[in-house]
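Undergrad: The following block contains a protein sequence and its predicted model.
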Amino acid sequence: MCLKYRIRNTKYEIRNTKSGFTLLEVIVTLFIITLLTSLFLTNYRAGSRNTDLTFAMQKLVSDIRTAQNNSLGSVFYNATTTLGGWGVHFDIAAGNNTAYFIFADQNNNKVYDNGEAVETAGGQTITLPANIVIDRLIDSSGAGDSHFRLDITFLPPDPVTRIYWDGNSSSSKATIGLRETVQEQTKSLIVNKLGLIEINNP
């Protein structure tokens, strides 16, 4: 009798030690994991977009410096010297706001002309990263007028900085704004007539 009782008791204890997750516990756990993953991915993507905007702005500063250095070094374009030095050209008319050019001012007219940014001759076309656009081109007038076209050229040997708007008017400084189009973050830089560059964060 005692032996049978012990065996039954052992079976009873073994049955009680079995455990598992209920359906409700599994659903709650999956919900928490999904929520944490989505929060992480959202923050990661936002940080990545901000990094892209910062990178694009730093690249723009570097490209303006490249044009300036090309002028200082009298770098050839198409195996010849350039009368007007080197410059950077922006044109956001007709939605063309995703690229800009490093060009050689061959005829010294202070602005970009077709054929002055051919890559095989020494020019460059810089395309902005996805979701980054040139948002604004603003002059130094009291009204801070916005423009569609901007040319910044550097004339050697100093080099003298020349800032021209829409091909016909000049100013002492220019503001160039970039915008990230998903979260609408912006950054801008100012170039003045001395060739100094200052980045403005909003």
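TA: Here it is on my side, so go on.
Undergrad: Pull up the gap between residue 158 and residue 193, please.
TA: When C-beta to C-beta, to the nearest Å is applied, the distance between residue 158 and residue 193 equals 11 Å. For the C-beta atoms, the positions are set from N, CA and C on the backbone; glycine is no exception.
Undergrad: For those two, work out which one has more neighbours and name it.
TA: More neighbours sit around residue 193 than around the other of residue 158 and residue 193, counting by other C-beta atoms under 10 Å; the figures are 16 against 12.
Undergrad: What does residue 163 show for phi and psi?
TA: The phi/psi pair for residue 163 (degrees, to the nearest 10) reads phi -120, psi 120.
Undergrad: Kindly report the same for residue 176.
TA: phi -120, psi 120.
Undergrad: element containing the residue nearest to residue 154 when sequence neighbours are not counted?
TA: Counting by C-beta to C-beta, 6 or more residues apart in numbering, the nearest residue to residue 154 once its immediate chain neighbours are dropped is residue 71, at 3.8 Å. When elements are assigned from DSSP states H and E, residue 71 belongs to helix 23-72.
Undergrad: could you point out which element follows that helix?
TA: Taking DSSP H and E as the definition, the helix or strand that follows helix 23-72 towards the C-terminus is strand 86-91.
Undergrad: what pLDDT, on average, does that next one get?
TA: Strand 86-91 carries an average pLDDT of 96.
Undergrad: Give me the contact list for stretch 158-166.
TA: Stretch 158-166 is contacted from outside by 68, 71-72, 85, 87, 110-111, 137, 139, 147-155, 170-174, 191-195, using C-beta atoms under 8 Å, 6 or more residues apart in numbering.
Undergrad: one more time with 7 Å
TA: The set of residues that contact stretch 158-166 without belonging to it, under C-beta atoms under 7 Å, 6 or more residues apart in numbering, is 68, 71-72, 85, 110-111, 139, 147-155, 170-171, 173-174, 191, 193-195.
Undergrad: what comes up buried for it?
TA: Burial within stretch 158-166, assessed by neighbour count using 16 or more other C-beta atoms under 10 Å, is assigned to 159, 161-165.
Undergrad: how far does that stretch sit from the chain's center?
TA: The gap between where stretch 158-166 is centred and where its chain is centred comes out at 24 Å by C-alpha atoms, centre = their mean, to the nearest Å.
Undergrad: ok, now stretch 111-127?
TA: Offset of stretch 111-127 from its chain centre (C-alpha atoms, centre = their mean): 21 Å.
Undergrad: Show me which residues of that stretch are buried.
TA: Within stretch 111-127, the residues scored as buried using 16+ other C-beta under 10 Å are 111-112, 116-118, 122-123, 126.
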